[in-house]
Structure formats: C-alpha cells, structure tokens
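**Q** I would like to see how this sequence folds:
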Amino acid sequence: MTAPTLTVVVTGPYGAGKTTFIQTLSDTAVTRAEPRAALDLDDDDPAALAMDVGRMHVDDGLDVELLGTAGHPRLDPLWAALGEGTLGVVIMVDDTRPDSFDEVADVIEQVEAASDLPWILLVNKVLPGREELSARRAHHQLRLAAEVRSVAGDARNPESARHMLVELFEAARDRLAVGVDGGAADPTAGRS
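**A** Sure, this is the predicted structure:
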C-alpha cells in the first residue's frame, strides 16, 4: 500500500537556496521537471520554469513531495493547479543578499494573490546563533502579519531544514484549527 502524499511548494528568488533545501530533505535523488507544457507556456528560458522535485518519507503513513520553483509571475497558473493535497508553501529568502528582500516581497504577493495555501518565510544562509534575530528582522522588514511564521536557519543543515519544514506543518495545522475566515473551525463540517 502506498503512503498518502502531501505536497510542499518551495519558492523564492534566485539563489535563495530552494534546490539545496529540497536536496537536504529529500530521501530520493532530486529531479528537474518543466511545467511549461502543463501550463501552456512558450518560453526560451528553461531555468525560470524548471522545478526541482524531491520526496521525503515521513513515516509509514505519509510521504511529502517537495516541489521547488522560482517565484515568477509566469508560474501563476501553477498555484491554481496545486490546491488539493498541497500542505503549504515555503517562501525562501537569502539573508546574505539584502536585495533579495525586495524580490521576496514580490513572491509573497504572488503567492497570496494566487492561493489560500498557508505559507512561512524561511530566512536562509543565517549564521549559527543569529536565527531568531534574522527571522525577526526579516519579518519586520517585509511588514508581515503577526500570524505569519518567519524561521531562519541553514538549508544545508539537515536538522535546520527539518525544523523549518516542521514550522510549515505547524502553520498548516494552525490554519486548519482556526479556519481561513478567522473563526473556529467546525470539526463536524462536511459530515452527514
């Protein structure tokens, strides 16, 4: 019997560490896929449209598919296709590149405009011991809502990468517990 699979989308500006994050977490070799045919795109820039695909085995009852994609407006149709089975989005930013914060603000806007998926901000390439400070600084600089989780670490470190992914799981859990409209979720909704 095959374990159910949830999808986690990893996005952000070029060089934020998306591929590294997926390679660190994936239990399988990371492959590259091009969604251009599925999205009816005609573009000569394969790097802007290539997706990294990895798979993480959580336990006997769950696998997580990791899809890494550039935060690019041409991929807006992708967000609509991701709905069911997608746990949420990890939006990455490179702490060592101040210019990437402007770029990630655009990515955040794209994700929020195109989907209701929960998301977290992952501040990558942070020096050990500076995680909390970097996460708070990025949260403030991007003027994120209080309920948005900002976490920081190093995607090359397996323990750090797993911690960052757990934050997304917790954000999704919190979203389900509260409900998208801000009211308490009704655990009996949809039952006869």
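
**Q** ok, the residue nearest to residue 16 when sequence neighbours are not counted to residue 18 distance?
**A** Excluding its sequence neighbours, the residue lying closest to residue 16 (Cβ to Cβ, 6 or more residues apart in numbering) is residue 92, at 3.9 Å. Yep, even glycine has a C-beta here, placed from its N, CA and C like the rest. Separation of residue 92 from residue 18 (Cβ to Cβ, to the nearest Å) stands at 6 Å.

**Q** Report the set of residues contacting both of these two.
**A** The contact sets of residue 92 and residue 18 overlap at 10-12 (Cβ atoms under 8 Å, 6 or more residues apart in numbering).

**Q** export those to TSV and tack on distance to residue 87, pLDDT and secondary structure?
**A** Putting these into TSV (distance: Cβ to Cβ, whole Å; pLDDT from 0 to 100; DSSP: H, G, I helix; E, B strand; the rest coil) gives the following:
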residue	distance to residue 87	pLDDT	secondary structure
10	11	93	strand
11	14	91	strand
12	17	91	strand
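
**Q** Closest one to residue 56 out of the residues you listed, please.
**A** Residue 56 has its nearest neighbour among the shared contacts of residue 92 and residue 18 in residue 10, at 11.6 Å by Cβ to Cβ.

**Q** tell me the contacts of the closest one?
**A** Contact analysis of residue 10 by Cβ under 8 Å, 6+ apart lists 18, 21-22, 52, 66-69, 89-90, 92.

**Q** hmm, 7 Å instead?
**A** Applying Cβ atoms under 7 Å, 6 or more residues apart in numbering to residue 10 gives the contacts 18, 21-22, 66-68, 90, 92.

**Q** ok, those residues vs residue 177, which is closest?
**A** Taking Cβ to Cβ as the measure, residue 177 lies nearest residue 90 of the contacts of residue 10, at 20.1 Å.

**Q** tally of neighbours for that closest one?
**A** By the criterion of other Cβ atoms under 10 Å, residue 90 has 28 neighbours.

**Q** Secondary structure of residue 56: a strand, I assume?
**A** Yes - Residue 56: assigned to a strand according to DSSP: H, G, I helix; E, B strand; the rest coil.

**Q** and the closest residue to it other than its chain neighbours, how many neighbours?
**A** Nearest non-adjacent residue to residue 56, counting by Cβ to Cβ, 6+ apart: residue 64, 4.5 Å away. For residue 64, the neighbour count with other Cβ under 10 Å is 21.
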